[in-house]
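Participant: Below are the sequence and a predicted model; questions follow.
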Amino acid sequence: MSDTSTSPTKLVAEAPMTASAQPQPDVTDPAKLIRLGTMLQTMLTELSDTEHDDAGVQRLAQIHSETIEELGKILSEDLHEELLEFNDCCGSDTPTESEMRVAHAQLVGWIQGLLRGMQATATAQAQMAQQQMVMMQAQVQGRAPGGPGGAHQGQPVQKPRRSGPAVPDSGYL
């Protein structure tokens, strides 16, 4: 892969903001990605126990091609280009059985890597949000009585005593 800055582990593209100021996701339909990956993984398992004739290999090539096409509809442009880079292994009209097994295994591995990257990114984003929430709560508590910088926790706030005669508190000063 020629572009090392493109990583399937990012959940949100680094593309410029759109008119709605929302970042564009790298995968628009994660559920479809999971379904396609599961289908391919199941096919690989089934392929390991069977022999294939020419019609079966052609059908596998058709499924592979349709899967790549469907993935192209839900992936960002950079991920789609990455996918197409390693998809060139089956250049002939009728790939061999071993070419199809390799192509399917590679595609399943790529999808699994993409999903794990998305999961890791989502976890990191959740942790960052949690840390921000804790920091915001600490800032709010720092300004409130009973928080850091205020009175000690559990103790009421006491007004400083003045020297001199006691003056009733009128609330104006």
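Facilitator: Nice, thanks for sending it over.
Participant: Sketch out the low-pLDDT regions of this protein for me.
Facilitator: Screening the chain residue by residue with the criterion pLDDT under 70, one finds the ranges 1-24, 89-94, 143-173.
Participant: which stretches of it form helices?
Facilitator: For the chain, the helices identified by DSSP state H occupy 30-47, 54-74, 77-86, 97-143, in order along the chain.
Participant: Could I get the ones you listed in CSV, plus columns for mean neighbour count?
Facilitator: Where you see a C-beta, it was placed from the backbone N, CA and C, and this is true even at glycine. Below are the helices of the chain laid out as CSV (neighbours: other C-beta atoms under 10 Å):
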stretch, mean neighbour count
helix 30-47, 15
helix 54-74, 15
helix 77-86, 16
helix 97-143, 14
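Participant: ok, Met128 to Glu70 distance?
Facilitator: Summarising the geometry, the distance separating Met128 from Glu70, computed by C-beta to C-beta, to the nearest Å, is 32 Å.
Participant: mind listing what Glu69 touches?
Facilitator: Contacts for Glu69 (C-beta atoms under 8 Å, 6 or more residues apart in numbering) come out as none.
Participant: wait, I meant Glu97
Facilitator: Contacts for Glu97 were tallied using C-beta under 8 Å, 6+ apart; they are 52, 57, 60.
Participant: will you turn those into a markdown table that also has distance to Gly113?
Facilitator: Formatted as a markdown table, the contacts of Glu97 follow (distance: C-beta to C-beta, whole Å):
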| residue | distance to Gly113 |
| --- | --- |
| His52 | 27 |
| Val57 | 26 |
| Leu60 | 22 |
